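**Student:** Let me see the structure of the following:
(3 chains)
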Amino acid sequence: MSAVLFVAQRLSAAVLAVAVAVHLATILYAVRGGLTAGEILGRTRGNGWFLAFYVLFVVAVAVHAPIGLRNVMREWTRWRGATLDLAMAACAAILLALGLRAVIALFVA
Amino acid sequence: MMRASHHQPGFLAALMHRLSGIALAIFLPIHFLALAAALKGAGALDTFLAVTRNPFVKLSEFALIVALAAHMTLGLRVLALEFLDVRENTLAALAACLGIVLAVGLLFLVNAG
Amino acid sequence: MSGAKPIAANVPAMMLMGFAFGSTPPTTERRNVMMLSVEIWRGTSSGHFQPFEVPCRDNQTVLDVVTEIQREQDPTLAYRFACRVGMCGSCAMVVNGRPRWTCRTRACEVAAGDGRLTLEPLRNFTIVRDLAVEMTDFFDKWRDAKGYFEPGAAPAADFAMVPPASRERQAADAGIECIGCGVCYSACDVVAWDKDYLGPAALNRAWTLVNDVRDRAHDARLAAVSGASGCLACHTHMSCTNFCPKGIAPTYSIAGLKRAMLTRTLRGRR
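**Tutor:** Model prediction:
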């Protein structure tokens, strides 16, 4: 992997370290006694902090996951080169699109 | 015979980190799609959540929580080795990571019933 | 030494019998000698394991076992050694799955339990024949990582004053004892997964030179190790550090290279 990809990977990892810790703690707290849509939406609807936090989370994931997958493909399969890079860029775009769509859905619902 | 380097804790840590990462990468789009069901209103999300009361789905959720905790703790180990210039006792580090993962997994099982 | 009760235990009996009969002891005395079952790789990338049997002796190293086999049982066996006292690294092989120096490995200890030894050439190298491997790629990567000192266009006129306790010199000293034996390269999974990966030895040497304040090729060297199959490909499996017979920790040297490369990238150079 190139120097730029490495820096992006490690930087997004640092962001995710915090984001995942918060996310896990939230899940463990929220699932007590079962989880309903009403409960989730009650927390996320119109909540600016939720929006900001999870947009950052989604962007970090969209950077971090494809770079990691690219390493796996290059080392465990024979796939490499421009087609792999394009495929991983597409993964990043898909994760970003689906993620932002989900965050916005929970914000405006 | 399995090569000796594969019995080492460092290899196991890296392998678990990689496999949990792959699992999360596959799961995340599904997670995003499910949450976006909220766009169709709380009813559609509830319908989906009702599905998640299925024990098989609960098991998958448990596996994903464990994968997330594993990937994070083992990833923190990598960040510490690379950027904090620490010398590690690899076996101890791996044990600590798995301890945290176990704790998170058990907390989820206890809370989610 | 675990488990071995060789001929020495029968010396009194042998002496008595020799004294009484004036002849060498009967071969039934060898019943008490533990035999090692040794499987040795024969061939190149394709081949087979050939079985041998060698008596387990006091203070016997795996190199002794291989030498005995080659001299007394099969002279066609190819293997490498030189100093036989743990200084040159030429005798490195894979013994029961672990890459190690055979001159510093006690045969009967490693074979403890079932008395079996499996000997293979170092992994990740092209096999020349049997237990001897081709080292060219290994040292080519050393060169590609710029693992050599560069005095610069105008070498200094006088000696450099380098305090031994300085941070850079301590970092260099931690990795400077490498003798290029290839054990770390054999143990490394990333080398197995990516044929272009420079490998722990070359990168460790590059790190010692990055910390050499007299060297004038810092930027070129960091560029050399920051490529697609450079220091960034290390996934901290720590196998190199675990198996290095000199106690060097290439993992930490490579981590140092990553940090140095990060600083360089953030300063705007690719």
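**Student:** now stretch A:82-100, how far from the centre of its chain.
**Tutor:** 12 Å (CA atoms, centre = their mean, to the nearest Å).
**Student:** What are the buried residues along that stretch?
**Tutor:** A:Met88, A:Cys91, A:Ala92, A:Leu95, A:Leu96, A:Leu98, A:Gly99, A:Leu100 (16 or more other CB atoms under 10 Å in any protein chain shown). Every residue, glycine included, has its C-beta placed from N, CA and C.
**Student:** Show me which pair in these is furthest apart.
**Tutor:** A:Met88 and A:Leu100 (18.6 Å; CB to CB).
**Student:** Taking the centroid of chain B, which residue is nearest it?
**Tutor:** By CA atoms, centre = their mean, chain B has its centre lying nearest to B:Ala67, at 1.4 Å.
**Student:** my guess is that residue contacts B:Ser20, does it?
**Tutor:** Yes: B:Ala67 is in contact with B:Ser20 according to CB atoms under 8 Å; the separation is 4.1 Å.
**Student:** Which residue, other than its chain neighbours, is closest to C:Gly47?
**Tutor:** C:Trp41 (6.0 Å; CB to CB, 6 or more residues apart in numbering or on different chains).
**Student:** center of chain C - which residue?
**Tutor:** C:Val183 (3.1 Å).
**Student:** How about it, nearest residue that isn't a chain neighbour?
**Tutor:** According to CB to CB, 6+ apart, the nearest residue to C:Val183 is C:Pro99 (4.5 Å).
**Student:** Okay, now the sheet partners of the helix or strand containing the one you found, with direction.
**Tutor:** Per DSSP states H and E, C:Pro99 falls inside strand C:98-101. Paired with strand C:98-101 in the same sheet, following DSSP bridges, are strand C:92-95 (antiparallel).
**Student:** right, and A:Met73 touches A:Leu84 too?
**Tutor:** Yes: with contact defined as CB under 8 Å, A:Met73 reaches A:Leu84; the gap is 5.7 Å.
**Student:** continuing past the helix-or-strand element of chain B with minimal mean pLDDT, what's the next helix or strand?
**Tutor:** None of the helices or strands of chain B scores lower by mean pLDDT, DSSP states H and E than helix B:42-51, at a mean of 64. Of the helices and strands lying after helix B:42-51 in sequence (DSSP H and E), the nearest is helix B:55-83.
**Student:** tell me the mean pLDDT over that next one?
**Tutor:** On average, the pLDDT along helix B:55-83 is 88.
**Student:** for C:Asp212, what are its contacts?
**Tutor:** Applying CB atoms under 8 Å, 6 or more residues apart in numbering or on different chains to C:Asp212 gives the contacts C:Phe149, C:Glu168, C:Ala172.
**Student:** State which helix of chain C is the longest.
**Tutor:** Assignment by DSSP state H gives helix C:250-266 as the longest helix of chain C.
**Student:** Would you check that C:Leu77 makes contact with C:Asp130?
**Tutor:** Yes: in terms of CB under 8 Å, C:Leu77 counts as a neighbour of C:Asp130; the distance is 5.7 Å.
**Student:** Just want to know which of those two has more residues nearby.
**Tutor:** Neighbours per residue (other CB atoms under 10 Å in any protein chain shown) separate C:Leu77 from C:Asp130, with C:Asp130 holding more: 25 against 20.
**Student:** Count the neighbours of C:Glu109 for me.
**Tutor:** What C:Glu109 shows, counting by other CB under 10 Å, is a neighbour count of 14.
**Student:** wait, I meant B:Ile30
**Tutor:** B:Ile30, neighbours per other CB under 10 Å, totals 12.
**Student:** Same question for C:Leu266.
**Tutor:** C:Leu266 has 10 nearby residues by other CB under 10 Å.
**Student:** The residue nearest to it when sequence neighbours are not counted - how many residues pack around it?
**Tutor:** Counting by CB to CB, 6+ apart, C:Leu266 lies nearest to A:Val7, which is 7.3 Å off, once chain neighbours are set aside. A:Val7 has 17 neighbouring residues, counting by other CB under 10 Å.
**Student:** so what's the residue nearest to C:Val183 scoring on pLDDT?
**Tutor:** Per-residue confidence (pLDDT) for C:Pro99: 95.
**Student:** Contacts only, for it.
**Tutor:** Contacts of C:Pro99 (CB under 8 Å, 6+ apart): B:Ala4, C:Ala92, C:Met93, C:Leu122, C:Arg123, C:Gly182, C:Val183, C:Ser186, C:Ala187, C:Phe243.
**Student:** got the contact list for the fourth one?
**Tutor:** Applying CB under 8 Å, 6+ apart, we find C:Leu122 in contact with C:Ala92, C:Met93, C:Val94, C:Pro99, C:Val133, C:Gly182, C:Val183, C:Tyr185, C:Ser186.
**Student:** These: which two are farthest apart?
**Tutor:** Going by CB to CB, the pair spanning the contacts of C:Leu122 furthest: C:Met93 and C:Tyr185, at 13.2 Å.
**Student:** Run through the helices of the stretch 1-150 of chain C in chain order.
**Tutor:** C:11-21, C:62-72, C:107-110, C:136-144 (DSSP state H, counting those that start in this stretch).
**Student:** between these, which gets the lowest average pLDDT?
**Tutor:** Among the helices of the stretch 1-150 of chain C, helix C:11-21 scores lowest, at a mean of 52.
**Student:** Residue numbers of chain C in contact with chain A?
**Tutor:** Contacts of chain C with chain A, taken as CB under 8 Å from any CB of the partner chain, map to C:190, C:193-194, C:226-228, C:232-233, C:258, C:261-262, C:264-266, C:270.
**Student:** If we use 10 Å, what do you get?
**Tutor:** For chain C, the contact set with chain A under CB under 10 Å from any CB of the partner chain comprises C:189-190, C:192-194, C:197, C:222-223, C:226-233, C:235, C:258, C:261-262, C:264-266, C:269-270.
**Student:** In the chain, what helix or strand scores lowest on average pLDDT?
**Tutor:** With no chain named, the answer covers chain A. Using mean pLDDT, DSSP H and E, helix A:37-44 stands out as the lowest-scoring helix or strand of chain A, at a mean of 72.
**Student:** ah, I was thinking of chain C
**Tutor:** helix C:11-21 (a mean of 52).
**Student:** circling back to that earlier point, can you pull the contacts of the residue nearest to C:Gly47?
**Tutor:** Contact analysis of C:Trp41 by CB atoms under 10 Å, 6 or more residues apart in numbering or on different chains lists C:47-50, C:93-94, C:118-121, C:127, C:129-131.
**Student:** Most widely separated two among these?
**Tutor:** Greatest spacing in the contacts of C:Trp41, by CB to CB: C:Thr118 and C:Arg129 (17.7 Å).
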